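# got a structure for you, letters missing:
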């Protein structure tokens, strides 16, 4: 692996400490919350991600420990400012890449959803800024 590949893989998007899986949880929580003040019922997360309630419980505990979400005992999940910024950035990446794959290339939506998820985690911040400019030039912009 070249130094450039390693640098891209290790680049800090926000803080660099989250796994792809935890980024996915933050993305879904931000999407379900709608804004930085919204709350999410813990039972809605496994439905959206297709995972078990136990997985959500473990992920939320991890995100809570890292300061991205808050959740009182058996209460709704809310995001910290940092958590919402990180999660909504991941949601934006996914959404724009998904739209490009489906609207401009014609990829089947189910496959495009999977591939957008893979791309959102692997692309550097610098490259994604260039993607955003290109996508805007072909009519795909942030609608949120």
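Yep, that arrived. Just so you know, these numbers come straight off a predicted model, no measurement behind them.
# can we go C-alpha only for contacts and neighbour counts from here?
Noted.
# So for stretch 82-93, what gets flagged as buried?
By neighbour count on 16 or more other CA atoms under 10 Å, the buried set for stretch 82-93 is 83-93.
# Stretch 112-128 now?
For stretch 112-128, a neighbour-count test (16+ other CA under 10 Å) marks 112-113, 115-117, 120-121, 123-124, 128 as buried.
# Now tabulate the residues you listed in TSV and tack on distance to residue 137, pLDDT and secondary structure.
Below are those laid out as TSV (distance: CA to CA, whole Å; pLDDT from 0 to 100; DSSP: H, G, I helix; E, B strand; the rest coil):
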residue	distance to residue 137	pLDDT	secondary structure
112	20	97	helix
113	22	95	helix
115	22	96	helix
116	19	96	helix
117	22	94	helix
120	20	93	helix
121	23	92	helix
123	19	88	coil
124	20	88	coil
128	14	93	helix
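# would you turn those into JSON lines with distance to residue 140?
Converted to JSON lines, these look like this (distance: CA to CA, whole Å):
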{"residue": "112", "distance to residue 140": "15"}
{"residue": "113", "distance to residue 140": "16"}
{"residue": "115", "distance to residue 140": "17"}
{"residue": "116", "distance to residue 140": "14"}
{"residue": "117", "distance to residue 140": "17"}
{"residue": "120", "distance to residue 140": "16"}
{"residue": "121", "distance to residue 140": "20"}
{"residue": "123", "distance to residue 140": "18"}
{"residue": "124", "distance to residue 140": "19"}
{"residue": "128", "distance to residue 140": "14"}
